[in-house]
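Undergrad: for reference, the sequence and a predicted model appear below.
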Amino acid sequence: VMNDIIGTMFSKPFMDELLKPQQLYSHRTVKTVLTRLAHTSIMRLNPASMDRLYELMIMAFKYQVFLCPRPKDLLLISYNHIDTIREFVKDTPVVVNQVDETHRKIIEVYSCLSEGEFQLLRQTLLIFFQDMHVRVSLFLKNQVQNPNGRFALSTSGPVPHGGDVPGLIRTFDSKGREVRRSEFPTGGSYTSPIREGSFDLHGDRVIRLGMNMYTVNYPEDTHTSKALSAKTDNTPNLLAKEELNLLARLMGSMKAENMPKAEPTFQINLFTADLEEEAGVSGAAEESLFGVINIQAMQDEQAASELARIAGQFAEQEEQPENSSSNKGDDLLAMMDDL
Amino acid sequence: MYHKEKSIQIKNSASALYNNLGVLRIAPRRLTYFTVVHANVVNMVSASWDGLNYSHRQLQSKEPNVATSTSLIMQAAFCGLPSRDLLVVTSQKGIQMYESDGSIMVYWHALDTPETPTAQAVFARGISAVWENYICVGVSSGAILVFDVPSKGSNITLSEVLEEHKESITDMASECSGSQECIADLVSADDGGNLCVWKAGEEFQLLNKIPGFDMSCSSVKLWKGTVVAGYGTGQIRLYEAVTGILHAEVNAHARWIYSLDIAPFSGLLLSAAEDSLVRVWHLTMTPETNSVEIAHLHNECVTDTQICGAKFCDGDGYAFAVTGYDLSEIIRYTQS
């Protein structure tokens, strides 16, 4: 499934289309694009599941854009995504190549933007996320989101790279010499910036946003999951249970109407209490969550061709005319039909 | 020093845009108008001073061609001229000017927007009334459009285009102290942090250019010949407008500054940033030594909110109002 989705997503025509200058898409368009992407694999999502999955994805994306320290760090967050994706498909050189090519293209298109332009980009994205306050159990658990759905903004910690720790007032004379320094109470506890992440094809991105939320790299996650490990089956949080069920249905159930029989034999455990605690390699956790899907997808030759036929039919059914007069994203959708 | 008052609820949440709060005080009618931008709509609230009456209005951005793209609004601000007050709304398509209550649109200026979107965004941003009869608006190319505004009616004309900035205009401000002896009338800021100081007239004259340090200046104010500039690094800098001498530098905020405002009669300065903090400062001028000092007075934290607009509600700074991204209210504070 991973290889199919990533292979399609990182195909040259798709990426070229995405990287053209264009206006913000509507939610409807983005959801349709993501649904089509998901369906290029053998995964099948009913509308309700897709709606929930979409909400989860959008809230995670909103979290990353909202908390992005400097506007330029949007690139580092994207590179974190790409690094992780590369890990998923590292055994398929063809797809790795596609990912690398896309990464290079992104570097080429975005590296020359100024901070002000990145901020405009971020402000535009924030319009897309405006007024969405869906509560995500993982975020609630890690206290990055409040019960009212809003993300927590800390008034402590390192300032973004290139910034100064607040608190200092410097006064100068007409010759430019500093004549006085004074301090003021900031109402927070800020520290110096940490080193800047790498904007190259490979490198340490430093920033944590954009890394896989479901790995053990989150110290808070590890901490709380240890506490929960004794009672993973009795999670009192109904929202979390619902989400786990949703994902299990999405990935495990091939029981959609016209599907040939495929036996799901794997389990999903998102709260990685039981998984290996290896620090650093996010790939390790990935494999236990997703590697199994790979195996299932590849082996059934007949299913694959049957599914390809079904995918074709499915794509046609989705050709509902957009009600709004806008053609935002239509080009992209039209092009996806050719994939 | 300040305490929180009852908030004003608005119809939509505020978008993350620089200087996203407009305030116009109408003393004879004991009312204050507020404007907050949400995507392609301006939310206007008229609030009576006794706190009993609120009326709401929404203004849409204008889309002259039945275009396939909506035009996002970049800024809405009140321009107070001696003869009249106008509400100016700038968007990706152009500039709309309304009577101050938002009831009638008196002028529309379309920007040259390309057929298909280009990598460089096109929009207008940065609004200021200047002198007796000018309204200046900045453009993404760095140009500044100077409009000549008659004392009444809709015969507004484009008087001049100032081409000095090479990067998108972020904000503009005119001298607000009310003093007649000011040399500098207008300051403009851009995405590279560059500041231009102008003298108004039939032909605007560039008095000084203060270079930036590659960091966007998102908000700027001009008071008693001093430029107060807020930057993406969270720094506030005070410059003498005409000479460019740096008077003071404050490491004010931990994140991008989104709004600055000055109460001209008291010299109070308000700064607000994405770090969720609003800070109140006091500026003092010592003409003998030609020095300007800035002292910190007060902090307000709007929990978990990236602030996008903060303005004093009166010339003394007795009260101020704040807006934040995703927040559907205007938060108000009054001196204790």
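TA: Yes, it's here.
Undergrad: where in the stretch 151-300 of chain A is pLDDT low?
TA: Scanning the stretch 151-300 of chain A for pLDDT under 70 picks out the ranges A:215-300.
Undergrad: in it, what residue comes closest to chain B?
TA: A:Phe184 (3.5 Å; Cβ to the nearest Cβ). C-beta here means a position set from N, CA and C on the backbone, and glycine is covered the same way.
Undergrad: and that residue, how many residues sit next to it?
TA: 19 (other Cβ atoms under 10 Å in any protein chain shown).
Undergrad: repeat that for the one 10 residues further on.
TA: Neighbour count of A:Ile194, defined by other Cβ under 10 Å: 14.
Undergrad: what of A:Arg104?
TA: Neighbour count of A:Arg104, defined by other Cβ under 10 Å: 11.
Undergrad: list the contacts of the closest residue to it other than its chain neighbours.
TA: Spatially, and ignoring its direct neighbours in sequence, A:Arg104 is nearest to A:Leu201 (6.6 Å; Cβ to Cβ, 6 or more residues apart in numbering or on different chains). A:Leu201 makes contact with A:100, A:103-104, A:107 under the criterion Cβ atoms under 8 Å, 6 or more residues apart in numbering or on different chains.
Undergrad: 10 Å - rerun?
TA: Applying Cβ atoms under 10 Å, 6 or more residues apart in numbering or on different chains, we find A:Leu201 in contact with A:79, A:82-83, A:86, A:100, A:103-104, A:107.
Undergrad: ok, B:Ile169 next?
TA: B:Ile169 neighbours (Cβ under 10 Å, 6+ apart): B:74, B:90, B:123-127, B:136-145, B:188-191, B:196.
Undergrad: distance of the closest residue to chain A within chain B relative to B:Val36?
TA: As assessed by Cβ to the nearest Cβ, chain A sits closest to B:Asp191 within chain B, at 3.0 Å. Separation of B:Asp191 from B:Val36 (Cβ to Cβ, to the nearest Å) stands at 23 Å.
Undergrad: returning to what we had before: just the ones of the contacts of A:Leu201 in helices?
TA: A:79, A:82-83, A:86, A:100, A:103-104, A:107 (DSSP state H).
Undergrad: for chain B, what are the nearby residues on the stretch 151-300 of chain A?
TA: For the stretch 151-300 of chain A, the residues in contact with chain B (Cβ under 10 Å from any Cβ of the partner chain) are A:151-160, A:162-176, A:178-180, A:182-188, A:190-191.
Undergrad: among the ones in helices among the contacts of A:Leu201, who's most crowded?
TA: Result: A:Tyr79 is most packed of the ones in helices among the contacts of A:Leu201 (other Cβ under 10 Å), 24 neighbours.
Undergrad: isn't it right next to A:Ser198, touching?
TA: Yes - with contacts counted by Cβ atoms under 10 Å, A:Tyr79 reaches A:Ser198, the gap being 7.9 Å.
Undergrad: spit out the residues that contact these two alike.
TA: A:Arg205.
Undergrad: contact partners for residue 60?
TA: Using chain A here. Listed by Cβ under 10 Å, 6+ apart, the contact set of A:Ala60 reads A:136, A:138-139, A:209-210, A:213.
Undergrad: wait, chain B was what I had in mind.
TA: By Cβ under 10 Å, 6+ apart, the contact set of B:Gln60 is B:40-42, B:70-71, B:73, B:89, B:91, B:96.
Undergrad: which of those are close to chain A?
TA: The residues of the contacts of B:Gln60 that also fall near chain A, by Cβ under 10 Å from any Cβ, are B:40, B:70-71.
Undergrad: so can I have JSON lines of the residues you listed showing neighbour count?
TA: Listed next are the ones next to chain A among the contacts of B:Gln60 as JSON lines, based on neighbours: other Cβ atoms under 10 Å in any protein chain shown:
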{"residue": "B:Asn40", "neighbour count": "19"}
{"residue": "B:Thr70", "neighbour count": "20"}
{"residue": "B:Ser71", "neighbour count": "21"}
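Undergrad: and which of those is nearest B:Tyr318?
TA: Distance to B:Tyr318, by Cβ to Cβ, is smallest for B:Asn40 among those, at 33.8 Å.
Undergrad: gap between that closest one and A:Ala48?
TA: Distance from B:Asn40 to A:Ala48, counting by Cβ to Cβ: 31 Å.
Undergrad: check for me that A:Val30 belongs to a strand.
TA: No - assigned with DSSP: H, G, I helix; E, B strand; the rest coil, A:Val30 falls outside any strand and is helix.
Undergrad: look at it and report its pLDDT.
TA: On the pLDDT scale, A:Val30 is placed at 88.
Undergrad: looks like it contacts A:Met50 (just checking).
TA: No - between A:Val30 and A:Met50 there is no contact under Cβ under 10 Å: 11.7 Å.
Undergrad: for the helix or strand harbouring A:Leu140, packing partners?
TA: Under the criterion of DSSP states H and E, A:Leu140 resides in helix A:137-141. On a contact count with 3 or more Cβ pairs under 10 Å, 6 or more residues apart in numbering or on different chains; DSSP states H and E, helix A:137-141 meets helix A:47-67, helix A:219-228, helix A:238-252.
Undergrad: so who does the residue of the stretch 151-300 of chain A closest to chain B touch?
TA: For A:Phe184, the contact set (Cβ under 10 Å, 6+ apart) comprises A:166-169, B:250-252, B:279, B:281, B:294-297, B:299.
Undergrad: 8 Å - rerun?
TA: A:Phe184 makes contacts with A:167, A:169, B:296, as judged by Cβ under 8 Å, 6+ apart.
Undergrad: can you check B:His298 too?
TA: By Cβ under 8 Å, 6+ apart, the contact list for B:His298 reads B:1-2, B:279-280.
Undergrad: among these, name the buried ones.
TA: B:2, B:279-280 (16 or more other Cβ atoms under 10 Å in any protein chain shown).
Undergrad: adding distance to B:Glu164, write the residues you listed out as TSV.
TA: Output for the buried ones among the contacts of B:His298, formatted as TSV (distance: Cβ to Cβ, whole Å):
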residue	distance to B:Glu164
B:Tyr2	38
B:Arg279	31
B:Val280	33
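Undergrad: hang on, isn't B:Thr157 packed against B:Leu145?
TA: No - between B:Thr157 and B:Leu145 there is no contact under Cβ atoms under 8 Å: 10.8 Å.
Undergrad: of these two, who's got more company?
TA: Set B:Thr157 next to B:Leu145 and count neighbours by other Cβ under 10 Å: B:Leu145 wins out with 21 against 11.
Undergrad: sheet partners, orientation included, of the helix or strand hosting that one?
TA: Assessed by DSSP H and E, B:Leu145 sits inside strand B:143-148. Its sheet considered, strand B:143-148 pairs with strand B:134-139 (antiparallel), strand B:157-163 (antiparallel) by DSSP bridges.
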